[in-house]
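Novice: Here is the input, now give the coordinates:
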Amino acid sequence: KFSDIKHLGVVSLAEALPFFKASKKILDIDIKDKRCVSEIIRLFKKHRYFKRVYFSSYDLNALFEIQEEIPYGEYFLSSSITDSQDFYRRRIARIFLVFVSILFSRLVIMLLKKKFRKITLDGISLFYRFATKEFVNDLKAFGFKVFVWGTDKESDVKKLISIPIDGIKTKNTALFKKIL
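Specialist: Now for the predicted structure:
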């Protein structure tokens, strides 16, 4: 519940939307729980927010539900938090995922596009360790924007900047000012 974290200084979407409405910034919403979808839709309609917004989630049904009501957004399929945790825990999974991403990425992307025709995916939001130059180039070849998340380390960010990604999601904007 939002009320459980409000004391930490976290701003709610209802509080943030009016500020973004007057801004030229892009609003990026990462949906981790499908139960919040109806509230997101309600808030966007209530505040008449029609500016540029990115929605990302590992739940395609959540993205589809929002896209039906908010068609002007851009939609990104994200790797799941559990995918990234498994990536750390299991060496075999790590080797397999790298192997699949390098050798079969084009096939995976084609199957993904065919299977989920009902939703228009604008991009993919990847855990930073999955973002190899080859895999990103393959995603770009299919017209996807690529965003990366999961790191605030300077060395990782410098490596990511050399890959043709469209953005890095971070909590540490001061790091980017320092690097750039």
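Novice: what about Asp28, helix or strand, and which?
Specialist: Per DSSP states H and E, Asp28 falls inside strand 27-31.
Novice: Tell me the gap between that strand and the middle of its chain.
Specialist: Offset of strand 27-31 from its chain centre (Cα atoms, centre = their mean, to the nearest Å): 7 Å.
Novice: same deal with stretch 56-74?
Specialist: Taking Cα atoms, centre = their mean, one finds stretch 56-74 lying 12 Å from the centre of the chain it belongs to.
Novice: for that stretch, which positions count as buried?
Specialist: Within stretch 56-74, the residues that qualify as buried by neighbour count (16 or more other Cβ atoms under 10 Å) are 56-60, 62-67, 70, 73-74. The C-beta positions use only the backbone N, C-alpha and C, and glycine is treated the same way.
Novice: quick one: Tyr58 and Pro164, what's the gap?
Specialist: 23 Å (Cβ to Cβ, to the nearest Å).
Novice: Check Ala62 too.
Specialist: 28 Å.
Novice: for Ala141, same thing?
Specialist: 11 Å.
Novice: Lys24 in helix, strand or coil?
Specialist: Secondary structure, DSSP: H, G, I helix; E, B strand; the rest coil: Lys24 is coil.
Novice: Convert the C-alpha atoms of stretch 61-80 to PDB, please.
Specialist: Coordinates of each C-alpha in stretch 61-80 appear next as PDB, following Å, rounded to 0.1, in the frame of the first residue of the first chain:
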ATOM      1  CA  ASN A  61      -1.900  -7.900 -20.000                       C
ATOM      2  CA  ALA A  62      -1.300  -4.800 -17.900                       C
ATOM      3  CA  LEU A  63       0.300  -3.000 -20.800                       C
ATOM      4  CA  PHE A  64      -2.600  -4.000 -23.100                       C
ATOM      5  CA  GLU A  65      -5.200  -2.800 -20.600                       C
ATOM      6  CA  ILE A  66      -3.500   0.600 -20.300                       C
ATOM      7  CA  GLN A  67      -2.900   0.900 -24.000                       C
ATOM      8  CA  GLU A  68      -6.600   0.500 -24.700                       C
ATOM      9  CA  GLU A  69      -7.400   3.500 -22.500                       C
ATOM     10  CA  ILE A  70      -4.300   5.600 -23.000                       C
ATOM     11  CA  PRO A  71      -3.300   5.100 -26.700                       C
ATOM     12  CA  TYR A  72      -0.800   8.000 -26.800                       C
ATOM     13  CA  GLY A  73       1.700   6.400 -24.500                       C
ATOM     14  CA  GLU A  74       4.700   4.300 -25.500                       C
ATOM     15  CA  TYR A  75       4.800   0.800 -24.200                       C
ATOM     16  CA  PHE A  76       7.800  -1.300 -23.100                       C
ATOM     17  CA  LEU A  77       8.100  -4.900 -22.200                       C
ATOM     18  CA  SER A  78      10.400  -5.200 -19.200                       C
ATOM     19  CA  SER A  79      12.300  -8.100 -17.900                       C
ATOM     20  CA  SER A  80      10.900  -9.300 -14.600                       C
END
